[in-house]
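Q: Compute the structure for the input listed below.
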Amino acid sequence: MKIIVSPTKQMKFKDDFYIPYTTPAFLKESELLREKLSALDFDTLKKTMKVSDKMAGKVYDLFHTGHSARGCALLSYSGIAFQYMAPGVFTDREIEYVENHLRILSGLYGVLRPLDQIEGYRLEMQTKLPFSPFSLYDFWKDALAQALDDEIILNLASEEYAKCIRPYKPLIDVRFLDVDGKEKGVYVKMARGEMVRYMAENNIERVEDIRHFDRQNFAFCPERSNSRLYVFQKTK
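A: So this is what the prediction gives:
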């Protein structure tokens, strides 16, 4: 089983894991993308990334300035899902679990294992590129799906990233509903991170065992679920 999650825009580099880094599988492709993006002028990069002047300056620096801010992927993303995953306090056994099962999808790096070394960047998968092939989905094609060498792929990623895999391999989707039956972004992100932590803590090897997930007041909804979709809803 492989578990896929999205990256986050927020990143930090306070890496205190004393474990050797691994090398991203698509490093050459990543370097090619970085080279093309670094060739863009400020205004084109700003338009491409759809960011403010202030953020555009930071993004421009990321692609044009040599920097030593590096860390393993697992600890470098710091958005809500990763906050609730709390990988910084994983035990050795839990680190081994996520290294075997967890994969982080990335516009720049393709597919990342938790201990892959990465640099700071900003590049969302849905970004329209000002150079051929003009779409990251077309750039990566089926390469990311083929890198997931398992028949069972549990999707805890946003649809923006799941779209890299869905056309090529079947996914088992997970939905997290609020008490009113609607999906609310912040709760979904929290629950995705919590589910990865739950699976690591409990060494989940059979996808059907996620039905016992009960954190953040979520409970499994058998009447809304099937073999390709697991639905959880808040109870209060």
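Q: Tell me where the model's unsure across this protein.
A: Within the chain, the segments meeting pLDDT under 70 span 15-17, 66-69.
Q: Which stretches in it count as strands?
A: Applying DSSP state E to the chain gives strands spanning 2-5, 70-72, 102-106, 110-112, 117-119, 153-156, 172-177, 218-220, 229-234.
Q: can you put those in CSV and add mean neighbour count and distance to Glu29?
A: C-beta here means a position set from N, CA and C on the backbone, and glycine is covered the same way. Written out in CSV, the entries for the strands of the chain read as follows (neighbours: other Cβ atoms under 10 Å; distance: least, Cβ to Cβ, whole Å):
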stretch, mean neighbour count, distance to Glu29
strand 2-5, 24, 18
strand 70-72, 19, 18
strand 102-106, 25, 11
strand 110-112, 25, 6
strand 117-119, 20, 13
strand 153-156, 24, 21
strand 172-177, 20, 27
strand 218-220, 17, 37
strand 229-234, 19, 32
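Q: out of the ones you listed, which comes closest to Phe134?
A: Each of the strands of the chain was checked against Phe134 via Cβ to Cβ, and the shortest separation belongs to strand 110-112, namely 17.5 Å.
Q: From Ser6, how far off is the residue nearest to Lys189 when sequence neighbours are not counted?
A: What sits nearest to Lys189 in space, not counting adjacent residues and going by Cβ to Cβ, 6 or more residues apart in numbering, is Ile80, at 4.1 Å. The gap separating Ile80 from Ser6 is 11 Å, by Cβ to Cβ, to the nearest Å.
Q: Which residue of these two possesses the greater neighbour count?
A: Taking other Cβ atoms under 10 Å, Ile80 and Ser6 do not tie; Ser6 has more neighbours (22 against 17).
Q: for the more buried one, what are its contacts?
A: With Cβ atoms under 8 Å, 6 or more residues apart in numbering as the criterion, the residues that contact Ser6 are 81, 104-105, 157-158, 160-161.
Q: Just the closest of those residues to Leu177, please.
A: Each of the contacts of Ser6 was scored against Leu177 by Cβ to Cβ, and Ser158 proved nearest at 15.8 Å.
Q: Show me where the protein has its helices.
A: In the chain, the helices defined using DSSP state H lie at 27-38, 42-49, 53-64, 73-76, 80-85, 92-101, 136-140, 143-147, 159-162, 185-201.
Q: Pick the most deeply packed of those helices.
A: With neighbours taken as mean count of other Cβ atoms under 10 Å, the helices of the chain reach their highest mean count in helix 73-76, at a mean of 24.
Q: for that helix, the distance to its chain's centre please.
A: Using Cα atoms, centre = their mean, to the nearest Å, the distance from the centre of helix 73-76 to the centre of the chain it belongs to is 10 Å.
Q: What is it packed up against?
A: Under the contact criterion of 3 or more Cβ pairs under 8 Å, 6 or more residues apart in numbering; DSSP states H and E, helix 73-76 touches strand 102-106, strand 117-119.
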